[in-house]
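Colleague: below is the structure, and that's it, no one-letter string:
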């Protein structure tokens, strides 16, 4: 079965003072129907930009975005408006993403009104049902965002995203602004909704413990490029890229015996403006060699379903063996 969403060499470059910022630089991902792809990496690696390009909230510099077997980057305005009913987004900050002048009823009703889905009693029924689905008490129907806590505000954002019965949702760090106890509630809600409504997620986060809980597959990004992609269990059991290993080592552990074993990332982040054709993690990698500096390192399949962009796992051109494992 073809994936619901697929990108091909997707790029987004911004013209800035002093050159060109390579925010997203050649991303190839696939998301199966009903699955969750976690996209992780430190701040500024291009995660959120990737999510917005997939939804065409930002226009890419080049590449392809295939949704249900069609390249939506070729769509004109009327066509993209049609496909956007099937593609929604949950934003990071539930306070700034909700209109402070609109009540809960009005916020959830807005996409239904704009798409002329329903009106009158049917509108009220749909909104009440959405509030029940995401766990918002009906007494909040006329409340405004500032009258609710962060968890309820994010539930309103989720209800708004579900209003048009989408197939695909970009979750852009939807729990990072919430308390830990509320994070668990929202994550469980998203997973329940996925099971009940057969939703497909791109879950963007910098928290590896969160992405392990919700994702089927994980893509690790560094300075606009994907450096490793594989099933979630495989990534935590057998991380290959030095950057992935350092990220996993940074997860706090309650076991004191693990103290002192963390793989530290040293050095400064490379300049994303007009980057040189080398491995972008090379300046901070302790395993860096001349091969890493010889050119861009492509994302290749090291093992079935496990893709990595690292010269340590590139096959030799002479005998086909790995340089290092």
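Modeller: That came through, no problem. Quick caveat, the model's predicted, so the values are computed rather than measured.
Colleague: surely residue 266 is in a helix?
Modeller: No: in this structure, residue 266 is coil, not part of a helix, as judged by DSSP: H, G, I helix; E, B strand; the rest coil.
Colleague: going forward can the numbers begin at 19, since that is how I track them
Modeller: Okay, using 19 as the starting number, the last item reads as residue 284.
Colleague: pretty sure it contacts residue 303?
Modeller: No: at 9.1 Å, residue 284 and residue 303 do not qualify as touching, with contact defined as CB atoms under 8 Å. Backbone N, C-alpha and C define where each C-beta goes, glycine included.
Colleague: those two: which is more packed in?
Modeller: Between residue 284 and residue 303, residue 303 has the larger neighbour count (other CB atoms under 10 Å), namely 21 against 10.
Colleague: so what's the residue nearest the centre of the chain up against?
Modeller: The structure's the chain has its C-alpha centroid closest to residue 222; by CA atoms, centre = their mean the separation is 2.8 Å. The contact partners of residue 222, by CB atoms under 8 Å, 6 or more residues apart in numbering, come to 56, 57, 65, 66, 68, 69, 188, 189, 190, 191.
Colleague: do residue 125 as well
Modeller: 116, 117, 163, 174, 178 are the contacts of residue 125 under CB under 8 Å, 6+ apart.
Colleague: can you rerun that using 10 Å?
Modeller: Residue 125 makes contact with 115, 116, 117, 145, 162, 163, 171, 174, 175, 177, 178, 181 under the criterion CB atoms under 10 Å, 6 or more residues apart in numbering.
Colleague: check the gap between the second one and residue 139 for me.
Modeller: The reference is to residue 116. 25 Å (CB to CB, to the nearest Å).
Colleague: neighbour-wise, which of these two wins?
Modeller: For residue 116 versus residue 139, neighbours defined as other CB under 10 Å are more numerous around residue 116 (21 against 8).
Colleague: ignoring the adjacent residues along the chain, who's closest to the more buried one?
Modeller: Distances taken as CB to CB, 6 or more residues apart in numbering place residue 163 nearest to residue 116, at 4.4 Å, with adjacent residues excluded.
Colleague: quick one: the helices in the stretch 119-268 of the chain?
Modeller: 122-132, 138-152, 168-180, 198-215, 226-232, 250-255, 260-267 (DSSP state H, counting those that start in this stretch).
Colleague: which elements pack onto the second one?
Modeller: Applying 3 or more CB pairs under 10 Å, 6 or more residues apart in numbering; DSSP states H and E, we find helix 138-152 packed against helix 122-132, helix 168-180, helix 198-215.
Colleague: I'd like those as CSV, with mean pLDDT appended.
Modeller: Output for the helices and strands packed on helix 138-152, formatted as CSV (pLDDT from 0 to 100):
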stretch, mean pLDDT
helix 122-132, 94
helix 168-180, 94
helix 198-215, 92
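Colleague: shared neighbours, residue 284 and residue 303?
Modeller: Common neighbours of residue 284 and residue 303, counting by CB under 10 Å, 6+ apart, are residue 264.
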